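Trainee: Build me a model:
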Amino acid sequence: MKLLLHTCCAPCSVYCIDKLREEGIEPTVYWFNPNIHPYTEYRARRDCLKEYTKSINVNAIFEENYGLDEFCEEAVKDLKARCVNYCYPVRLKRTFEYAKENGYDAVSTTLLYSIYQNHEFIKSYMEKLSKEYGIEFVYRDFREGFWEGHNKAKELGLYMQKYCGCIFSEEMRYYNRNPIQTSNNNGYEIPKEPRMQVKKIENKEDYIDLLLEADPSKDMIHKYLNDSDVYALKKEDELISIAVILHIDRKTLELKNIVTKENYRNKGYAKTLLKSLCGNYKQKYDRMLVGTTENNIPFYVKQGFDKYEKTIKNFFIDNYKEEIKDGELTCTDLIYYSKDLKKK
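Mentor: Modelled structure (predicted):
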């Protein structure tokens, strides 16, 4: 079977490609998404998909069409029905057209994976196109693997978008008007998990007490906090972990502080937050530094900080009034490692 898989982004493709390969089907990924805006978002999703398909040796075709003008003209005709009137049809019809023009005998789409999409419309519309173009529609209810694929994408550090694609769906996320669809007409239930999200923090001073658990000096924290980006990992509205990222230069970042609330420690949340941040920053930056104690080197090496940079001798003795302990270790030297954010 020569299958063309319309693909909206890398995270949505993870489970779909894995599932098809388990069945012995080797898909060709097809990028055509003129509904994704603004261009920075379009480029971020496209480039992430390019990197991911290369890393897993999947053939990928990228048909460039940013399409903002046409999208605006079509969407305003009926904003509430823009998905079924334009966003789904323009992509799926072009996928079948390309398949017909280039000798593919089957078509599917990663839109069947997302629990946020109108699954039944997509299915019925593709069945219609299948008859029209004489090309098989390979239907799979990929939603059953939604959380499996979602978690794997996060572990891989893929760029995780925060809205469906168009500028109107980007607006909707701020007003919470886009509820998750958890079932279809056949009664299929989607397994639910508490919503995890990473948010940028503006009121940085409110988190000093938590940051002090990882860096026990307000003076040291204030030296980097104001010039840094602060991000929080939250489950629903509850804070779990927080990280502080300092911009060193145009290509380099430094992780200055990362800490998880005590009742959530040793459950992989710091790892989740760090991978998410690395996946996001790699769009613009080449590497991330971290200065750490001897005890924590194994953790950071496992997260990809595998290049030794330097050691600042007696850093903790010279910069802290009191003795700093990390478990049973008395901290003296600050040891720097770096992670290549572009490394596959």
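
Trainee: contacts and neighbour counts: CA atoms only from here.
Mentor: Fine.

Trainee: for this structure, what spans make up the strands?
Mentor: Secondary structure of the chain (DSSP state E): strands at 3-6, 27-31, 60-62, 106-109, 136-137, 196-201, 228-235, 238-247, 252-260, 287-292, 307-312, 325-326, 329-330, 334-340.

Trainee: Serialize those to CSV and add fields for mean pLDDT.
Mentor: Formatted as CSV, the strands of the chain follow (pLDDT from 0 to 100):
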stretch, mean pLDDT
strand 3-6, 98
strand 27-31, 97
strand 60-62, 97
strand 106-109, 98
strand 136-137, 97
strand 196-201, 87
strand 228-235, 92
strand 238-247, 94
strand 252-260, 96
strand 287-292, 94
strand 307-312, 91
strand 325-326, 83
strand 329-330, 84
strand 334-340, 93
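
Trainee: can you put these in a markdown table and add distance to Lys123 and mean neighbour count?
Mentor: A markdown table is the format used below for those (distance: least, CA to CA, whole Å; neighbours: other CA atoms under 10 Å):
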| stretch | distance to Lys123 | mean neighbour count |
| --- | --- | --- |
| strand 3-6 | 13 | 26 |
| strand 27-31 | 18 | 22 |
| strand 60-62 | 23 | 17 |
| strand 106-109 | 10 | 25 |
| strand 136-137 | 9 | 20 |
| strand 196-201 | 29 | 15 |
| strand 228-235 | 32 | 20 |
| strand 238-247 | 37 | 20 |
| strand 252-260 | 42 | 21 |
| strand 287-292 | 42 | 21 |
| strand 307-312 | 48 | 13 |
| strand 325-326 | 55 | 12 |
| strand 329-330 | 59 | 12 |
| strand 334-340 | 41 | 20 |
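
Trainee: Generate CSV for these, with distance to Ile122 as supplementary columns.
Mentor: Formatted as CSV, the strands of the chain follow (distance: least, CA to CA, whole Å):
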stretch, distance to Ile122
strand 3-6, 12
strand 27-31, 17
strand 60-62, 21
strand 106-109, 9
strand 136-137, 11
strand 196-201, 27
strand 228-235, 30
strand 238-247, 35
strand 252-260, 41
strand 287-292, 40
strand 307-312, 46
strand 325-326, 54
strand 329-330, 58
strand 334-340, 39
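
Trainee: Quick one: closest of those strands to Val84.
Mentor: strand 106-109 (15.3 Å; CA to CA).

Trainee: If you count contacts, what does the closest one end up packed against?
Mentor: strand 3-6, helix 88-101, strand 136-137 (3 or more CA pairs under 8 Å, 6 or more residues apart in numbering; DSSP states H and E).

Trainee: check contacts around the nearest residue to Gly304 once chain neighbours are set aside.
Mentor: Closest residue to Gly304 apart from its sequence neighbours, by CA to CA, 6 or more residues apart in numbering: Lys339 at 5.5 Å. Applying CA atoms under 8 Å, 6 or more residues apart in numbering to Lys339 gives the contacts Arg287, Met288, Leu289, Gly304, Phe305, Asp306, Lys307.

Trainee: just those now: which is nearest Asp219?
Mentor: Nearest to Asp219 among those: Leu289, at 21.1 Å, using CA to CA.

Trainee: Just name the most buried of the helices and strands packed on strand 106-109.
Mentor: Among those, strand 3-6 has the highest mean neighbour count (mean count of other CA atoms under 10 Å), at a mean of 26.

Trainee: List the neighbouring strands of that one plus their orientation.
Mentor: Strand 3-6 has its sheet partners listed here by DSSP bridges as strand 27-31 (parallel), strand 106-109 (parallel).

Trainee: gap between the shortest one and the chain center?
Mentor: Per CA atoms, centre = their mean, to the nearest Å, the displacement of strand 106-109 from the mean C-alpha position of its chain is 24 Å.

Trainee: quick thing: my sequence starts at 9, can you match it?
Mentor: Okay, using 9 as the starting number, the last item reads as strand 114-117.

Trainee: CA atoms only for that strand - export them in PDB, please.
Mentor: The C-alpha trace of strand 114-117 is given here as PDB (Å, rounded to 0.1, in the frame of the first residue of the first chain):
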ATOM      1  CA  ALA A 114      -4.500   5.300  -0.100                       C
ATOM      2  CA  VAL A 115      -5.000   8.400   2.000                       C
ATOM      3  CA  SER A 116      -5.400   9.000   5.800                       C
ATOM      4  CA  THR A 117      -4.900  12.000   8.100                       C
END
